[in-house]
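Engineer: Sequence and predicted structure are below.
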Amino acid sequence: MATATVELKPKDYKSNVPPDWCPGCGDFGVLNALQRACADLKIPPHEVVVVSGIGCSSNLPGFFKAYGLHGLHGRPIPVATGIKLANKDLTVIATGGDGDGYGIGLSHFIHGIRRNVDLTYIVMNNQIYGLTTGQVSPTSLAGMQTKSTPSGNVEEPINPLMLALAAGCDFVARGFSGDTKHLAELYKQAIQHRGFALVDVFSPCVTFNKYNTYDWFRQRIVKLEEKGHDPTDFVAAMQEARKMGDGEVPIGVFYRNPNPRPPLDERDPVLASGPALVKRPMGITNAEGRKLIEELM
Amino acid sequence: MALDEVVVGIGGAAGDGIASAGDTLALALARQGLKLYAYNSYQSVIRGGHIWLRLRIANEQPLSPGNVLNCLVALNQESLDRHLPEIQPGGLALFNTHRVKRVPEAPDGVQLCPVPVPDLTEVYTKLQVIQNTVLIGALYALLDLPFEGVESVLESTFARKGQKVVDLNVGAAKAGYEYAKANFRTMENNLKPGQDKRFAVMTGNEAFGLGAVAAGVRMYIAYPMTPASGILHWMAAHGEKLGICVRQPEDEIAVMNMTIGANHAGVRAMCGTSGGGFALMTEAVGMAGMIETPMVCVEVQRAGPSTGVPTKTEQGDLFQAKGAGQGDYPKLIVAPRNVYECFETIKEVFNLADKYQIPVIVLSDLLLSEHHETVDPDRFDFESPGIDRGELITEPEENGQPYYRYKVTETGVSPRAIPGVPGYMHVAATDEHDEDGVLISDVYTDPTRRKKMMEKRMRKMEYLRKELPPPQLEGPEDADVTLVGWGSTWGVIKEAIQALKEDGITANQVQIKYLVPFHGKEVAEILSRSKKVIVVENNYDGQFARLLRSETLIKPDGHIRKYDGEPFEPKHIVAGVKKILAGEEEIVRCLSEEPGWRTEHPYPV
C-alpha cells in the first residue's frame, strides 16, 4: 500500500455523483467513514479499487472517487480476489449488503476467508432486502414481518461474525453507521490488516426495516473497547459475536489474530516471487516454448 | 495383404495402467517418426469398469480414431471377450495367460497370441502392472517395429527411478518382444519407422495450455471438471516455472468472476470448464460483455444434458455458449478444428478479446481436448503473431481531455484504463451506464442514452466479423455433396470424404471455426453453389444446423448426427451420406454398434 505525499481529505474520495440512497439511509455513514479512513491512511484514490455486488449498498462505488467495479449480485469477493491477485499493489475493498454477502454470495465469503487474500470486506448489514422493496434477508431476526414473510420470519438469522471467526478470519469487526468516527477507525485497521478483514456494519434501512432502527441500535450498542474486551482472545470474540438482538449489540474489533496467517500473495509461489503480475513481461520465446513441447516427445 | 495403417486397441479396467501403457506406445511410435491418433473411451470410475484405448498408427497423420480394429491388447478377461469379435482378418489378440483363463473362439484369420507373462518376468509376482510393458514389447515385435522405440521411452520414463528400474522395465519389454518373435507370426504392414524427424504426442488440452503460455497468460483459474481438467493439470504442473498463478476456487461462479477481475486489473487470465460449470458462469460472462472487460474461457463439451455422461464426447453446448447470460452483448465463440488450432486459437482470441474488450468462449469437446495425436513441433510458434493488448492505458498521459471509459466511438471500442493509473478513475458497472461509466439504470427513463450504449457495444460485432477470416470450401467445387461441420469433426469429415471418393461419390467440406459472429453471407454464397448440403454434428437436435439456417436461410438436404457418447468414425459419415443421397433418410442418427461397445444393464431390474 503506497501512501500519498500530499495531504488527502475525505472529499478527495468523493465522486461527482450524489448518492441516490433514501434520506437517512445508513449507507451514507458507511460511505463517509470509508472516505475518512482512506484519507487518514493517505492512499492515493487511483490505487484504491472498490468492488461491489448488487443492492442499494452496492451502489457505493459510484459515489466514491477511486477505481470501481459494480459487479454481480453476491460476487464482489471473487472479482476483488481476481483484481488483487493480478495487482497486489492496489488497495482492494469489497462491499455489498447482507443479502449479497451472507445470502447469495455466502460461499465466496467463507472461501474468501479461507483463501486469505489481502482484502477488506465491508458488509452493509440492514437485515432486509431494500432495493427489491423489503423482503426477508439472511440476517433478518426471527419473527420479522416483511413482504415475503407477512406472518413473520420463521427462520433464524445467520451470524456472520461467528461464521467468520469459525472460518479462520484473522480480523473481524463490526461497526454502526450511526457512529462514523468509530467506523472509520475500524476501516483503517481492516485496510491495514494484511489478509482478509471483515467489517460488518449495521446500516439501518429507514424505509423497509421498521424493527432494527437507529433507535433500536442506539439502545443496545456497546463498544467492545469500552468494556475491556481483549481482541486477541478468540474465545471471548466468539462469546461477544454470539450476542445479537437480545439486550446487547457489541461493536468494535471482535478479533485480531496476534499470529495472523500470511496472505495468499505471500504463500502462492508465483505471486510471492516477483512484482505484481500485471507488471511482469508477457509471453515466451520459441526456444522456451520448444522445451515445453519436448516434454511431450 | 499388408496394411497401410494399424489400429491397436488396449482394453482393461481402470487401475490397470492403460493410460501409461498407451503413453509408452504412443511416444515410442512418435519417436520413430510414425503418426498416430489415439482416443480413450473411459468411464467415471477410479478402479474397475472397462477402459478402451484405441491408437491408430500410420505413416501419414490419421485424423480420426478410424473404423476398425487390427490388434487387441487385452489386459483382462473382459477386454478379450468384448473386443475379440471386432478384430479384422489378419489381425491379432495379445493377452497375458495369467489374467485371461478362458479364450473365446477367434474370428477367421485372427491370430491369438497368449503370452505367459509370469514366466517372462519375475517382477510380475510383486507388480502385476508390468504385464503392460511385456505386452507392449510383444506388440512391437508383432508389428515388426524396431525395439529401440520402446527401449528409449522406458529409459526416459524411468530414468529418475534409477538404472535398476530402467533395466527391469526394458528387460520385461524385451522378454515380451522376444517371446512374440519366437512364438507368433508378425503382422504384415507398410509402417515405415525410423524417420529422422521426431514428433510430439499432444492432446488438445495441452495445446490450449501451450497457447495460453504463448498468449502471455498470467493466471489460470478453474474448478475441476472433466474433460477440461487436463488444462488445469497442465497449467498447475507448469505454472510455478512459467510464472502463471493457478487457482482453484470454490465453484465456477467464483472462477468466472475471478477471471474477469484479473483481466479487469490488466493481466491476461484464462479459465476452463465443461458445460455444467459453464452454466454457472454465464451470468458473469454477460458481465464481461457489459463492463467491456476481455475474458477467455475454454468450454470443453461433454455429453449432456445435466451431469450427462461425464467421460463421453458431444457438441451439445453450442446454444448454451451462444445464449450465455441475459440480454444482448458482443462476444466471440470459436471452435478450433484440430490440435494445432487449439494452440493458435488461444493466441488469436486473447488479442481479439483485448482489441474488442469482449468475452471469448472457445468451444472444444472431449474428443478434441483429450485425444492424443502426433504433432510437428516446428508448427508451434510462440512468438508470432505477437501479443497485442489493443487500446490499453497503463500509464498516465497528459492530454487535457476528461477520460470517458465507455466513450462512444465508430468501432464501439473505447480506450481501457486499468486500475492504478492516475487520472483515469472510473466505475465499471453491470448496470447500464453512460460513456463516463455513471449509471443510467436508476433514472426514470433514458431511451436515448440506453440506445446509444447498446449500439456502441454491439457495433464491435460488425468490426469483429470483418476481421475474422471467413470459412473456405475444402475440396472440389463441383462435388456431389457438401459436408458442413464445426469444430472437432474437421478430421473425421475429411477422412469420410476420402472414403466416399473411393466409392465414387465426390464430396467437399466447409468446416466452421468462428460460430459467433457468423459469416452468414460468405457461407450462404458457398453453399448456394452446392448440389447437396449435409450437416454433420455430434448432438441430437442439430444445434449448428439451426444456427446455419437462421444465419443463411439455407435448409440442409440432410443431417448426420451422433449423440451416443462416442465420436464419429469415418464409416458413420460415409453410410449417412449414402442414405441421404439415396433418399432413405433426412436425418441419420449414427450409433457405435460393434459388440465391444455394448453392455448389459449393470444391475438386474
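Structural biologist: Done, it's in.
Engineer: which residues of the chain score low on pLDDT?
Structural biologist: All of this refers to chain A. A:1-2, A:245-246 (pLDDT under 70).
Engineer: let's do chain B instead
Structural biologist: The low-confidence ranges in chain B, as defined by pLDDT under 70, are B:601-602, B:604-605.
Engineer: OK, now which residue of it is nearest to chain A?
Structural biologist: At 2.4 Å from chain A, B:Gly261 is the closest residue in chain B, using CB to the nearest CB. (C-beta placed from N, C-alpha, C; glycine too.)
Engineer: show me what contacts the residue in the stretch 101-250 of chain A that chain B sits nearest to?
Structural biologist: Closest contact between the stretch 101-250 of chain A and chain B, by CB to the nearest CB, is at A:His111 (4.1 Å). By CB atoms under 8 Å, 6 or more residues apart in numbering or on different chains, A:His111 lies in contact with A:77, B:249-250, B:254.
Engineer: So what's the residue count around the residue lying closest to the residue of chain B closest to chain A once chain neighbours are set aside?
Structural biologist: Distances taken as CB to CB, 6 or more residues apart in numbering or on different chains place A:Gly82 nearest to B:Gly261, at 2.4 Å, with adjacent residues excluded. Neighbour count for A:Gly82, taken as other CB atoms under 10 Å in any protein chain shown: 32.
Engineer: so which strand or helix has A:Gly82?
Structural biologist: helix A:76-86 (DSSP states H and E).
Engineer: After that helix, heading C-terminal, what element do we hit next?
Structural biologist: Later in the chain than helix A:76-86, the nearest helix or strand by DSSP H and E is strand A:91-97.
Engineer: For that next one, name the packing helices and strands.
Structural biologist: Under the contact criterion of 3 or more CB pairs under 8 Å, 6 or more residues apart in numbering or on different chains; DSSP states H and E, strand A:91-97 touches helix A:27-41, strand A:48-52, helix A:76-86, strand A:120-125.
Engineer: picking that back up, what's the spacing between the stretch of helix or strand the residue of chain B closest to chain A belongs to and its chain's center?
Structural biologist: Taking DSSP H and E as the definition, B:Gly261 sits inside helix B:252-264. Between the centre of helix B:252-264 and the centre of its chain there are 23 Å (CA atoms, centre = their mean, to the nearest Å).
Engineer: For it, buried residues please.
Structural biologist: Buried positions in helix B:252-264, judged by neighbour count with 16 or more other CB atoms under 10 Å in any protein chain shown: B:252-264.
Engineer: Can you tell me which of the helices and strands packed on strand A:91-97 is most buried?
Structural biologist: helix A:76-86 (a mean of 32; mean count of other CB atoms under 10 Å in any protein chain shown).
Engineer: Let me know the angle separating that one from strand A:48-52.
Structural biologist: Here the directions of helix A:76-86 and strand A:48-52 differ by 150 degrees (axes from the mean of the first three to the mean of the last three CA atoms, to 10 degrees).
Engineer: any idea of the angle helix A:76-86 forms with helix B:252-264?
Structural biologist: 40 degrees.
Engineer: Does anything pack onto helix A:76-86? Which helices or strands?
Structural biologist: strand A:48-52, strand A:91-97, helix A:106-115, strand A:120-125, helix A:264-267, strand B:219-222, helix B:252-264.
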